[in-house]
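In: next input, structure requested:
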Amino acid sequence: MTDGVVVHEVAASRIQRLTKSVATYFGHVMAAIGGNTAGPGAPIKVRRPSAYNPSRAATLGPSQPNSVLNLVTIGLIVGSVHGLEGLDHIFVGGLPYYFTETTLRAL
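Out: Below you'll find the model as predicted:
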């Protein structure tokens, strides 16, 4: 294997572990509080805001998940929902409607 292929495989593995850990973390949080508004087993949705700035994000690393990742398998759904958004926000959907801003910030 060339160095480029090895680096790509290592990066893909790290992205996969990070993506899985985000889904697992929110899954555990939701299980601890009794599920979400969509019902038990419904996935939590995490995405970038519509105002996402790829130029600013490029300095942080890859802007898209690796194409070999099957996000649905680990409970992540690619989608778009409109709402109050900004460059410093992410969207987390499927949370109980009764969560307050304070509760969400604590998560």
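
In: name the residues that touch whichever strand or helix holds residue 103?
Out: Using DSSP states H and E, residue 103 sits in helix 101-106. The contact list for helix 101-106 (C-beta atoms under 8 Å, 6 or more residues apart in numbering) reads 92, 95. (Each C-beta comes from the backbone N, C-alpha and C, glycine too.)

In: report the buried residues of it.
Out: Neighbour-count burial for helix 101-106 flags no residue at all (criterion: 16 or more other C-beta atoms under 10 Å).

In: average pLDDT for it?
Out: Mean pLDDT, computed over helix 101-106, is 77.

In: contacting residues around residue 98?
Out: No contacts exist for residue 98 under C-beta under 8 Å, 6+ apart.

In: in which helix or strand does it reside?
Out: Short version, using DSSP H and E: residue 98 is in no helix or strand.

In: same check, this time on residue 56
Out: Following DSSP H and E, one finds residue 56 within helix 54-57.

In: next: residue 92.
Out: Secondary structure from DSSP H and E places residue 92 in strand 91-93.

In: what of residue 28?
Out: Assessed by DSSP H and E, residue 28 sits inside helix 3-33.

In: so where's this structure uncertain?
Out: Applying pLDDT under 70 to the chain picks out residues 1-20, 30-31, 33-49, 62-65, 71, 74-91.

In: run the last query once more with 80
Out: Counting by pLDDT under 80, the chain has low-confidence residues at 1-101, 103-107.

In: wasn't residue 60 part of a helix?
Out: No: secondary structure of residue 60 (DSSP: H, G, I helix; E, B strand; the rest coil): coil, not part of a helix.

In: how many neighbours does it have?
Out: Around residue 60 there are 7 other residues, counting by other C-beta atoms under 10 Å.

In: that one and residue 52: what is the separation?
Out: Distance, residue 60 to residue 52, using C-beta to C-beta, to the nearest Å: 12 Å.

In: find the residues that touch each one of the two.
Out: Counting by C-beta under 8 Å, 6+ apart, nothing touches both residue 60 and residue 52.
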